[in-house]
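Trainee: here is a sequence with its predicted model. Questions after.
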Amino acid sequence: QVQLVESGGGLVQAGGSLRLSCAVSGRTVTNNAMGWFRQAPGKEREFVASVSRSGTNTIYTDSVKGRFTISRDNAKSTVYLHMNSLKPEDTAVYSCALGRGAVGVALVDYWGKGTLVTVSS
């Protein structure tokens, strides 16, 4: 059984930082891109960032460029999202995704349940 388990969410003041982690169990991740999505209250889920299977190619949504960094450790089957200069509009449930292909997460095979990030003003 494949599981994606996120951790690292919480309450932080605007301007602060958090690091999210997503550990995958039940299968190897070395052939697949991984990514992060988020869903704010009353809004649809949106793409945040993705990283290719090798870790060399990353993609970000415009609103987080320069503030968030995605990375992965294939030996640990884990993907990270380092979030700096957080804003209240970053408040959302953040979910990780295991993509079907090697680059990008347009198609997702598995989802995590999510971790809540709350940014206070």
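Mentor: Received the coordinates, thanks.
Trainee: from now on I want contacts and neighbour counts done on CA atoms only, so please keep to that.
Mentor: Noted.
Trainee: nearest spatial neighbour of Asn32, chain-adjacent residues omitted?
Mentor: Sequence neighbours aside, Ala102 is the residue nearest to Asn32 in space, at 4.5 Å (criterion: CA to CA, 6 or more residues apart in numbering).
Trainee: helix, strand, or coil at the one you found?
Mentor: At Ala102 the chain is in coil, as set by DSSP: H, G, I helix; E, B strand; the rest coil.
Trainee: closest to the centroid, which residue in this structure?
Mentor: Trp36 (2.6 Å; CA atoms, centre = their mean).
Trainee: mind checking how far that residue is from Gln13?
Mentor: Per CA to CA, to the nearest Å, Trp36 is found 21 Å from Gln13.
Trainee: run through the protein and note the low-pLDDT ranges.
Mentor: Residues of the chain meeting the criterion pLDDT under 70: none.
Trainee: any idea where the strands of it begin and end?
Mentor: 3-7, 10-13, 18-25, 34-39, 46-51, 58-60, 68-73, 78-83, 92-99, 108-111, 115-120 (DSSP state E).
Trainee: paired strands for the last one, with orientation please.
Mentor: Yep, that's strand 115-120 we're talking about. Paired strands of strand 115-120, with direction, are strand 10-13 (parallel), strand 92-99 (antiparallel) (DSSP bridges).
Trainee: if anything else comes up later, I'll come back, but that's it for now.
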